[in-house]
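[1] Sequence plus predicted model, see below.
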Amino acid sequence: MHFDIKAIKAFSICAAVIINAVFSASAVEHSGQYNVRLSFPGALARPAFGSHVSEKLPMMLLDTGAVRLDEPSPRLLAAWRELYPGIDAAAYGDGRSLEYVFLLQAGADPGLLRLRVDGADSSQGIETGGVEFNVNGIRVRTSPPRAIKIDREGESPANSALMTTAGGKLLFDIEEVRATEEARRNNTRLNIIPAGGQPGGPMYNFYASRYETTNDQLLNFLNSVENNPDNALGRNIFFDQRGNAWINPAMQSSRDEVFAIDDSLLEYDPAMPAGRRFSHVVDQDGNKPYAALPAGGFSWYGAVKYSNWLTLISGRGESERCYTEGTNTWNWAPVTATNWHNGQFSEQERQHWLMNKGFRLPMLDSNPTMIITNQFNEFYKMAAWNGKTNLPFGFGRRELYEGDANFGVIT
């Protein structure tokens with residue numbers, strides 16, 4: 001199965017002048033006084049002209065009212081193979097409107113797609129579901145995308161939408177693909193943290209979960225781990241009769257804890273078969289009031305094991321895991337660290353760590369009591385950088401109030 005995002009139709013220029021667009025690798029330009037540039041942030045490929053690239057990328061204008069019948073037919077302007085991993089693309093134009101067609105192979109992630117209107121100083125959604133940008137006084141408008149799923153049974157529409165970010169970027173969301181991919185990641189939704197921007201901060205793209213790990217995700221993890229003690233999913237984790245988890249069968253307190261049942265909002269029944277012993281608290285109406293709340297009871301070892309577990313269930317191999325494991329505390333470390341037990345993790349080791357494709361915890365690389373910007377401080381960038389400046393707290397605030405935090409007291 002693959003998805004064909006057709007007619008991310010585009011960028012008809014609602015101005016008093018007709019703009020004759022000329023495409024290059026990452027730009028739309030014209031020779032007049034206006035200059036509208038489009039780019040694909042993070043793209044892998046340069047344009048490759050020719051029908052051998054675009055033959056599977058049919059042109060289809062959705063808004064025929066944007067093109068007069070007496071104008072030339074839209075023509076192929078550029079095509080890209082592997083613009084993003086598993087994604088081919090082509091661009092068509094007729095002198096006043098542009099159309100993009102993206103072909104996603106099976107398993108490709110539409111969340112990788114980025115289309116940026118360079119120089120846009122504002123953007124807003126419009127009634128049709130598209131987005132309108134203001135670029136040097138020109139209104140640049142795109143219609144909503146149309147996604148078509150193609151499988152053995154033929155073609156069928158798929159729910160799709162446009163999202164905007166700071167700096168004039170467009171992101172594409174296909175509900176069915178996103179749901180499938182998130183299910184493979186234990187329902188984890190990811191945000192991309194783009195390279196650069198923050199002075200002195202990380203100069204590479206990385207992904208971070210949009211939300212905290214929930215009790216429902218924790219329950220899935222614990223049941224899976226307990227049910228797989230003899231393979232990589234559950235190896236090096238030991239459970240006691242109360243549901244606490246440890247990295248060593250000795251289960252020594254203040255040393256071996258992975259998960260503490262008393263600090264969580266889960267229940268444990270040792271009489272149930274492995275894989276079903278952990279369950280949610282259920283109220284008198286049969287609801288699970290705490291399932292979507294942030295999980296508690298994890299130790300650092302628990303977070304590391306969860307990262308390795310996510311790597312495996314998402315389809316990556318054991319070699320892509322970001323941490324080593326064992327039955328002693330010094331066995332647990334980033335796979336590239338050579339002296340982690342003594343608190344050392346060099347810049348070279350961190351750089352090599354980025355090559356692993358598995359899940360991991362965000363790097364801090366600074367004293368927690370005096371957080372500073374540096375090339376590996378991912379936590380600071382994802383938490384404080386708003387695109388223009390660093391802020392101590394989210395929502396553009398320099399102070400934290402009780403209403404900003406997701407917490408509560410359970411009695």
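    Perfect, thanks for sending it.
[2] Okay, and the beta partners of N390?
    W385 (DSSP bridges).
[3] Return the distance of it relative to L364.
    14 Å (Cβ to Cβ, to the nearest Å). Yep, even glycine has a C-beta here, placed from its N, CA and C like the rest.
[4] cool, G343 as well?
    13 Å.
[5] do the same with L218
    23 Å.
[6] number of nearby residues for Q375?
    15 (other Cβ atoms under 10 Å).
[7] quick one: which of G343 and L364 has more around it?
    Remark: of G343 and L364, L364 carries more neighbours, 15 against 6, as counted by other Cβ under 10 Å.
[8] Looks like that one contacts F379 (just checking).
    Yes - judged on Cβ atoms under 8 Å, L364 makes contact with F379 at a distance of 4.8 Å.
[9] Check the contact lists of those two and give me the overlap.
    I371 (Cβ atoms under 8 Å, 6 or more residues apart in numbering).
[10] what comes up buried for stretch 203-212?
    F206, S209 (16 or more other Cβ atoms under 10 Å).
[11] Would you confirm that F221 contacts N186?
    Yes - in this structure F221 lies within contact range of N186 using Cβ under 8 Å: 6.8 Å.
[12] neighbour count winner among those two?
    Between F221 and N186, counting by other Cβ under 10 Å, F221 is the more crowded of the two (24 against 20).
[13] Surely the more buried one forms part of a helix?
    Yes - judged by DSSP: H, G, I helix; E, B strand; the rest coil, F221 forms part of a helix.
[14] Tell me who's in contact with it.
    Applying Cβ under 8 Å, 6+ apart to F221 gives the contacts N186, Y306, W309.
[15] so who does the nearest residue to E320 once chain neighbours are set aside touch?
    Once flanking residues are discounted, E320 sits nearest to G358: 4.3 Å by Cβ to Cβ, 6 or more residues apart in numbering. Counting by Cβ under 8 Å, 6+ apart, G358 touches S307, N308, L310, T311, R316, E320, R321, C322.
[16] surely the last one meets W309?
    The one in question is C322. No - using Cβ under 8 Å, C322 makes no contact with W309, being 11.5 Å away.
[17] what mean pLDDT does stretch 104-122 have?
    When pLDDT is averaged along stretch 104-122, the result is 71.
[18] Model confidence for Y34, exactly?
    pLDDT for Y34: 47.
[19] Revised request: answer the last question for F239.
    98.
[20] Just list whatever residues bridge to it.
    A245.
[21] which residues in the stretch 101-250 of the chain form helices?
    175-184, 215-227 (DSSP state H, counting those that start in this stretch).
[22] so D365 sits right up against N377, yeah?
    Yes - at 5.2 Å, D365 and N377 qualify as touching, with contact defined as Cβ under 8 Å.
[23] Thanks again, I'm all set now.
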